[in-house]
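**Q** Model the following, please.
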Amino acid sequence: GELTRVWTAEDCGGNITTCSQTITVELPDWTYECPPDEVTLPCDDYVNENPDPSETGDAPKLTIPDTCNQVAVLGPFDSRGPVEGTDNDKLIRRWEIHDWCTGDVFVCEQKIILEGCRSNRPAAMISGVVSTQSGEALEGVEITVNGIDVMTNNDGLYALYNMYTNETYEIEARKDGDDAEGLTTLDIIQTRQHILNTSTFGSALEYIAADVNGSASVTGFDILTMRQMILQQRAEWDIDAWRMVPGNANLSLNDPFNAPYTYVLNHIGEVDDVNFTAVKIGDVNNSLFGGRSVESTVKVNLDEQFIAAGETVTIPFNFNADLLGYQMTVDFNGLNIESIEGAPANFNVINGDLATSWDAYSNTDKNFTVTVTATENVNLSEAVFITSGAVQAEAYGRDGAINDIELSFEEESSEFVLYQNTPNPFQGRTTIAFNMPQADDAQVTVYDVTGKVVFNQNVEAVKGYNSLRVDINATGILYYSVQAGEYTATKKMISNK
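**A** Numbers count the residues shown, from 1 in each chain. The predicted structure follows:
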């Protein structure tokens with residue numbers, strides 16, 4: 001090998017001088033020889049232990065100069081299992097040869113067939129059940145035992161036959177998918193209460209469920225990630241959706257994250273039960289299988305109003321109850337969302353509808369406003385709905401009880417309102433709309449910037465919403481007014497050529 005060494009010197013005047021030196025290192029030549037690739041032995045003496053390397057061709061042989069001490073052999077590393085369809089065992093023996101000077105690693109691998117091992121030991125069975133912490137069986141869990149895979153049935157049961165006694169098996173259980181199942185804003189609330197020490201977790205499994213980012217801790221980042229999942233701003237966790245805790249795990253509130261991922265069976269007997277407890281990530285209160293019990297209904301108060309096509313209005317959503325939190329989907333029909341006034345992290349617009357999740361510990365207001373523009377003439381009560389489309393609609397009382405959410409519309413106030421014409425700007429024809437507190441004659445007038453009247457019509461207006469389609473030949477900036485009894489209002493519009 002070759003090494004270049006460089007020195008740099010700089011004086012007070014900033015002058016720089018460099019010197020370089022090339023060092024050539026002569027590496028010693030060495031060779032290695034692996035043991036035979038494959039060896040077959042009768043199993044008589046190796047039912048419960050592996051043959052010594054001296055019986056299978058010994059370790060790799062090195063030919064190196066006496067002056068070289070930078071080459072080492074590591075191993076052997078043994079992996080043993082059955083040969084499918086035979087009565088034999090297969091032992092894979094591996095050595096690693098490390099050249100510390102160059103960093104190269106060479107491998108010798110040997111296959112050792114041990115004939116008749118299967119018949120020399122009694123058969124065994126490994127079985128068990130996977131269930132949630134409240135005892136519900138979990139179907140479709142993948143059980144892996146030394147490379148052999150089976151799935152749990154609809155009773156959460158699995159079984160592997162033709163195992164062998166006096167062997168060591170590692171059993172792992174996994175299930176992924178449906179990441180958001182069981183997760184609600186109530187889980188965020190309970191996690192916040194734990195972090196703030198107002199109500200701490202009562203079991204190690206709650207810690208595991210709340211640790212949605214797999215950091216072996218419960219922090220505000222877990223809450224942020226939960227909120228993103230509820231609002232469909234992410235599709236999956238960074239870890240598996242389920243955490244399978246082996247039945248022999250020694251969990252405690254002082255060390256809740258030390259649960260191993262595998263269940264190790266040493267020298268198993270003829271029948272061994274290996275059970276797992278399934279923890280749904282994010283489902284801190286284990287509600288996925290617990291059902292949903294609704295106590296009451298929380299109302300969101302809106303003022304009924306008519307919104308003309310093209311008109312932009314701001315809708316306040318005000319809750320009439322003292323809450324720990326809520327989540328819901330607000331559907332808007334004939335209304336396009338322009339902006340939302342509230343904490344940005346609590347909202348997500350999904351296909352034109354609004355998904356929202358809020359908790360009282362976030363130090364934000366539970367009430368919010370949405371500014372919308374109408375794409376058609378609508379009454380608010382016929383255009384806005386609370387649903388469980390993107391997010392299940394539910395509110396949480398101070399006692400933690402789950403409540404439904406519904407809208408309550410207060411009757412439209414009886415006042416005179418002149419709406420913006422639609423379309424605007426327009427070419428030739430537009431519609432002027434206004435609201436009347438009672439039936440009366442109304443005068444609709446359009447005039448240009450000089451005050452010249454270009455349209456004038458008397459209308460027998462009804463109580464409530466009225467509209468009039470007008471044809472205008474003038475172009476440019478125009479003004480239109482509606483006068484009815486003591487009421488009058490004027491707005492501006494633009495007519496294009």
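
**Q** Can you pull the phi/psi pair for residue 415?
**A** phi -140, psi 160 (degrees, to the nearest 10).

**Q** residues touching it, list them.
**A** Residues near residue 415 by CB atoms under 8 Å, 6 or more residues apart in numbering: 435, 437. Where C-beta positions appear, they are placed from N, C-alpha and C, glycine not excepted.

**Q** Which pLDDT value goes with it?
**A** Residue 415 carries a pLDDT value of 82.

**Q** low pLDDT regions in the stretch 351-497 of the chain?
**A** For the stretch 351-497 of the chain, applying pLDDT under 70 flags the ranges 411-413.

**Q** again, only this time at 90
**A** Low-confidence segments of the stretch 351-497 of the chain, defined by pLDDT under 90: 362-365, 367, 398-400, 408-439, 461-469, 496-497.

**Q** Report the beta-bridge partners for residue 483.
**A** Note on residue 483: beta-bridge partners by DSSP bridges are residue 443, residue 488.

**Q** Report the secondary structure state of residue 187.
**A** helix (DSSP: H, G, I helix; E, B strand; the rest coil).

**Q** That one - how many residues pack around it?
**A** 25 (other CB atoms under 10 Å).

**Q** Please tell me I have it right and it contacts residue 284.
**A** Yes - between residue 187 and residue 284 there is a contact under CB atoms under 8 Å: 4.3 Å.

**Q** ok, what's across the strand from residue 7?
**A** residue 19.

**Q** Dump stretch 253-268 to CSV, keeping only the CA atoms.
**A** The C-alpha trace of stretch 253-268 is given here as CSV (Å, rounded to 0.1, in the frame of the first residue of the first chain):
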residue,chain,number,x,y,z
LEU,A,253,-43.7,0.5,34.6
ASN,A,254,-40.1,1.4,35.5
ASP,A,255,-38.8,-0.3,32.3
PRO,A,256,-41.7,-0.7,29.8
PHE,A,257,-39.6,-0.8,26.6
ASN,A,258,-37.4,-3.8,27.4
ALA,A,259,-39.7,-6.4,25.8
PRO,A,260,-37.9,-8.7,23.4
TYR,A,261,-39.2,-9.2,19.9
THR,A,262,-38.6,-13.0,20.0
TYR,A,263,-39.6,-15.8,22.3
VAL,A,264,-36.6,-18.1,22.8
LEU,A,265,-37.2,-21.7,23.7
ASN,A,266,-34.2,-23.6,24.9
HIS,A,267,-34.3,-27.4,24.8
ILE,A,268,-38.0,-27.7,24.3
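
**Q** Return the set of buried residues in that stretch.
**A** 256, 259, 263, 265, 268 (16 or more other CB atoms under 10 Å).

**Q** okay if I get these as a markdown table plus distance to residue 98, secondary structure and pLDDT?
**A** Listed next are those as a markdown table, based on distance: CB to CB, whole Å; DSSP: H, G, I helix; E, B strand; the rest coil; pLDDT from 0 to 100:
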| residue | distance to residue 98 | secondary structure | pLDDT |
| --- | --- | --- | --- |
| 256 | 39 | coil | 91 |
| 259 | 35 | coil | 82 |
| 263 | 34 | strand | 87 |
| 265 | 33 | strand | 79 |
| 268 | 36 | coil | 65 |
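
**Q** quick check, nearest of those to residue 332?
**A** residue 256 (43.2 Å; CB to CB).

**Q** How about the contacts made by the closest one?
**A** Residue 256 neighbours (CB under 8 Å, 6+ apart): 201, 204, 205, 207, 208.

**Q** helices or strands up against the host helix or strand of the last one?
**A** The reference is to residue 208. Taking DSSP states H and E as the definition, residue 208 sits inside helix 204-210. Packing partners of helix 204-210 (3 or more CB pairs under 8 Å, 6 or more residues apart in numbering; DSSP states H and E): helix 185-195, strand 242-246, strand 276-280.

**Q** so where is the stretch 1-150 of the chain shaky, pLDDT-wise?
**A** Low-confidence segments of the stretch 1-150 of the chain (pLDDT under 90): 1-30, 43-51, 57-58, 62-72, 77-91, 99-104, 116-126, 133-134, 145-149.

**Q** residue ranges of the strands in it, please?
**A** For the stretch 1-150 of the chain, strands defined by DSSP state E, counting those that start in this stretch occupy the ranges 2-10, 16-24, 31-33, 38-42, 61-63, 71-82, 89-99, 105-115, 123-132, 142-145, 148-151.

**Q** partner strands of the fifth one, parallel or antiparallel?
**A** Strand 61-63 has the following sheet partners, assigned by DSSP bridges: strand 31-33 (antiparallel).

**Q** picking up where we left off before, show me the one of the strands of the stretch 1-150 of the chain that comes nearest residue 393.
**A** strand 123-132 (25.2 Å).

**Q** what's that closest one packed up against?
**A** strand 142-145, strand 157-164, strand 169-174, strand 271-273, strand 276-280.

**Q** Go again with 6 Å.
**A** strand 157-164, strand 271-273, strand 276-280 (3 or more CB pairs under 6 Å, 6 or more residues apart in numbering; DSSP states H and E).

**Q** and the first one, which residues are buried?
**A** It stands for strand 157-164. Across strand 157-164, burial judged by 16+ other CB under 10 Å covers 158, 160, 163, 164.

**Q** now the angle from it to strand 71-82?
**A** 110 degrees (axes from the mean of the first three to the mean of the last three CA atoms, to 10 degrees).

**Q** Take strand 157-164, keep the C-alpha atoms, and write them as CSV.
**A** Taking Å, rounded to 0.1, in the frame of the first residue of the first chain, the C-alpha atoms of strand 157-164 are listed here in CSV:
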residue,chain,number,x,y,z
LEU,A,157,-54.2,-19.9,17.5
TYR,A,158,-51.2,-21.4,15.7
ALA,A,159,-49.3,-24.6,15.8
LEU,A,160,-46.1,-26.0,14.4
TYR,A,161,-45.6,-29.8,14.3
ASN,A,162,-42.6,-31.9,13.6
MET,A,163,-40.3,-29.8,15.8
TYR,A,164,-37.7,-31.6,17.9
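
**Q** could you check the angle strand 123-132 makes with it?
**A** Using the same axes, to 10 degrees: strand 157-164 against strand 123-132 is 160 degrees.

**Q** what's strand 157-164 in contact with?
**A** Counting contacts by CB atoms under 6 Å, 6 or more residues apart in numbering, the residues outside strand 157-164 that touch it are 121, 123, 124, 125, 126, 127, 129, 143, 145, 150, 152.

**Q** how about JSON lines for the residues you listed, with neighbour count added?
**A** Shown next, in JSON lines, are the contacts of strand 157-164 (neighbours: other CB atoms under 10 Å):
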{"residue": "121", "neighbour count": "15"}
{"residue": "123", "neighbour count": "12"}
{"residue": "124", "neighbour count": "20"}
{"residue": "125", "neighbour count": "15"}
{"residue": "126", "neighbour count": "23"}
{"residue": "127", "neighbour count": "17"}
{"residue": "129", "neighbour count": "20"}
{"residue": "143", "neighbour count": "24"}
{"residue": "145", "neighbour count": "19"}
{"residue": "150", "neighbour count": "16"}
{"residue": "152", "neighbour count": "24"}
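
**Q** Can you tell me which of the residues you listed lies closest to residue 377?
**A** residue 152 (56.4 Å).

**Q** So what's the residue count around the closest residue to residue 17 other than its chain neighbours?
**A** Among residues not flanking residue 17 along the chain, residue 9 sits closest, at 5.0 Å (CB to CB, 6 or more residues apart in numbering). Neighbour count for residue 9, taken as other CB under 10 Å: 9.

**Q** Sweet, I'm off.
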